Structures are given as structure tokens and as C-alpha cells.
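A.B. asks: Sequence and computational prediction follow.
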Amino acid sequence: MKLTSLRIITKDIKQSVEFYEKAIGLTAQWYTEDFAELSAGTITIAIGSTRTLKMFGENMADSTGSTNIIIEFLVSDVDKEYERIKTITEDIAQEPTTMPWGNRSLLFRDPEGNLINFFTPVSMEAIQKFS
């Protein structure tokens, strides 16, 4: 089994796609007006409008954001990214903080309220894990 993508459902797909393009520095590939993807190396971030949920059946989840899932990106300098992210959103959940497991972490939210973590390994163990 191989995890290939993460799909985010949104009420405003144009706003969400634009946000992710700016946040991760990639250009989305639009397939329909309700579906786009950003390929980030080993995983793809798919973004679909709430209208796409109807294709999966009735009573599917709504797009209220998640506080129990965090979308994580390994970045080379989390403090530098923080300065850039502050120009994209004011919804910073946690400024850069060094975590007990050795990553320096920045948490912020996308337009739908989903948590995003940009992190940089800083301890020797964390650096080895991600090298």
C-alpha cells in the first residue's frame, strides 16, 4: 500500500487553491472547476469543492476543517518560512517552537481551518531521521 494523496474539501475552492499555491510554492493543475491538485514530490494535495462529495454518495463530511489532523511539510528553515507565511495568513496557531522530539514547528490554518505544520528537524536524532 502506498499513500499517494491527501484531499481537502472546501467551500471556496479558488480561495483554497490560491492559499496552498502561495503557502507551498507550487502551481495547481486544474482538472475541473471543482477539482485541482498540487504535486509535492512523494504526495499530492488534492483540493475538491464540496460539490465533489455528492459523487461519493449521500451524507458525506462537510468542509468545517479539522483539529485532529495536521498536514505536515518538511521545510529547510521554519523561521524563514514563518516570516513568509505571516504575509499569507494571520491564522497562526503556534509560532516557531522547538518540540521535544527535535523538530522546530510552525502551525497555521488554511482558509477552511485545517491545521498545517511546517517543520525543520533541529536535534541530531531528528536530522538523521529525515536525511
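C.D. replies: Happy to help now that I have it.
A.B. asks: which parts of the helix ranked longest in the chain are buried?
C.D. replies: Identified as the longest helix of the chain according to DSSP state H is helix 13-24. For helix 13-24, a neighbour-count test (16 or more other Cβ atoms under 10 Å) marks I13, S16, V17, F19, Y20, A23, I24 as buried. Bear in mind the C-beta positions are built from the backbone N, C-alpha and C, glycine included.
A.B. asks: pLDDT and distance to W101 added to these, as CSV?
C.D. replies: Shown next, in CSV, are the buried residues of helix 13-24 (pLDDT from 0 to 100; distance: Cβ to Cβ, whole Å):
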residue, pLDDT, distance to W101
I13, 95, 34
S16, 96, 29
V17, 97, 32
F19, 97, 28
Y20, 96, 26
A23, 96, 23
I24, 94, 23
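A.B. asks: wait, what's in contact with R109?
C.D. replies: Going by Cβ atoms under 8 Å, 6 or more residues apart in numbering, R109 touches G65, T89, D91, A93, L115, I116.
A.B. asks: picking that back up, which residues sit against the longest helix of the chain?
C.D. replies: Residues outside helix 13-24 that contact it (Cβ under 8 Å, 6+ apart): 8, 10, 26-28, 30, 33-36, 38, 40, 45, 47-49, 73, 85, 88-89, 110-112, 116.
A.B. asks: Selection in PyMOL covering whichever of the residues you listed are buried, please.
C.D. replies: The buried residues among those can be selected in PyMOL (16+ other Cβ under 10 Å) with this line:
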select buried, resi 8+10+28+34+35+36+38+45+47+48+49+73+85+110+111+112+116
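A.B. asks: Which members of the contacts of helix 13-24 are positioned in helices?
C.D. replies: Judged by DSSP H, the subset of the contacts of helix 13-24 located in helices is I85.
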